[in-house]
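Undergrad: give me coordinates for this.
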Amino acid sequence: MAVVLLVHGLYHRPEHFAVVAEGLRATGTSVVVPELHRGSLTADTAAVQAVVDGLQEPPIVLGHSYGGSVITGLRGAGHLVYLAAFVPDVGESAASLGGASRQLQEAICPGPGGSTRLHPDRAADVLYGDSSEPLTAQAVGLLRAQAPGCGRGIPEQQSWKQTPSTYVVCAQDRAIDPGLQRTLAPRCTYVREWQTGHSPFVGRPQLIVELVRELLASSMSVQGAEAITATR
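TA: Residues are numbered from 1 along each chain as shown. Next up, the predicted model:
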């Protein structure tokens, strides 16, 4: 069975991907949404790597926002999808690439022990400005505090250099500058651009479901052709 990993970004939870996960499972796809918030990029990457290592075939791995830094450090993925995400090269971090937009920085509030959280009203506008009010309220309610330093983490390897990848630019993004996204996108094998905000898994989940299904179909076609070739 095909497997898809959905890797969330800072302040988010696996539950933010619930509708996307349900849509993919309805098509017979196995979906895993690992919990990050392990305290550092290294720990977050290790948590996702443990999931990949336990699978019998290379999965499609989608990373949103900071999740792009996480999936960049993985081994063994079949295809990487960067959704409004950072694509760090050697020595780069999400922060050094430009990090959060001014609007997102203004939404960040300090918390205990160096942690931060997002102001609910500002988060609604910056992260989910193109979503309906009920969906936005639900998504904001799921946001959680974030430990310090994750955005400054540097991946130990750059998996996009060896693994097929797709970058999705979110053209109406208020959290990560679309201009920055367009600068990073050519590092990937393929590029798409959607007229969405930062979090299409909330307002336009079907876009993600359709993209992943397309990638799965393409992967199965390639595997089928290789199998035919191998038997000749």
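Undergrad: which stretches of this protein have low pLDDT?
TA: 220-232 (pLDDT under 70).
Undergrad: what ranges does it have for its strands?
TA: Using DSSP state E, the strands of the chain run over residues 3-7, 30-32, 60-64, 79-83, 108-110, 116-118, 165-170, 190-194.
Undergrad: for these, give me TSV that also has mean neighbour count and distance to residue 53.
TA: For the C-beta atoms, the positions are set from N, CA and C on the backbone; glycine is no exception. Rendered in TSV, the data for these read as follows (neighbours: other CB atoms under 10 Å; distance: least, CB to CB, whole Å):
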stretch	mean neighbour count	distance to residue 53
strand 3-7	25	12
strand 30-32	17	12
strand 60-64	28	13
strand 79-83	27	16
strand 108-110	14	34
strand 116-118	17	31
strand 165-170	24	20
strand 190-194	15	26
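Undergrad: okay if I get the ones you listed as a markdown table plus distance to residue 127?
TA: As requested, the strands of the chain are exported to a markdown table (distance: least, CB to CB, whole Å):
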| stretch | distance to residue 127 |
| --- | --- |
| strand 3-7 | 16 |
| strand 30-32 | 22 |
| strand 60-64 | 11 |
| strand 79-83 | 13 |
| strand 108-110 | 12 |
| strand 116-118 | 8 |
| strand 165-170 | 11 |
| strand 190-194 | 15 |
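Undergrad: for residue 155, which of the ones you listed is the nearest?
TA: Judged by CB to CB, the one of the strands of the chain that comes nearest to residue 155 is strand 60-64, at 11.0 Å.
Undergrad: run through the helices of this structure in chain order.
TA: If you assign secondary structure with DSSP state H, the helices in the chain sit at 18-25, 41-53, 67-72, 94-97, 102-107, 120-128, 133-142, 178-184, 200-203, 205-231.
Undergrad: let me have those in TSV, adding mean neighbour count and distance to residue 154 as columns.
TA: Conversion of those to TSV gives the following (neighbours: other CB under 10 Å; distance: least, CB to CB, whole Å):
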stretch	mean neighbour count	distance to residue 154
helix 18-25	18	28
helix 41-53	18	7
helix 67-72	30	8
helix 94-97	20	8
helix 102-107	16	21
helix 120-128	19	25
helix 133-142	15	28
helix 178-184	17	15
helix 200-203	24	26
helix 205-231	14	27
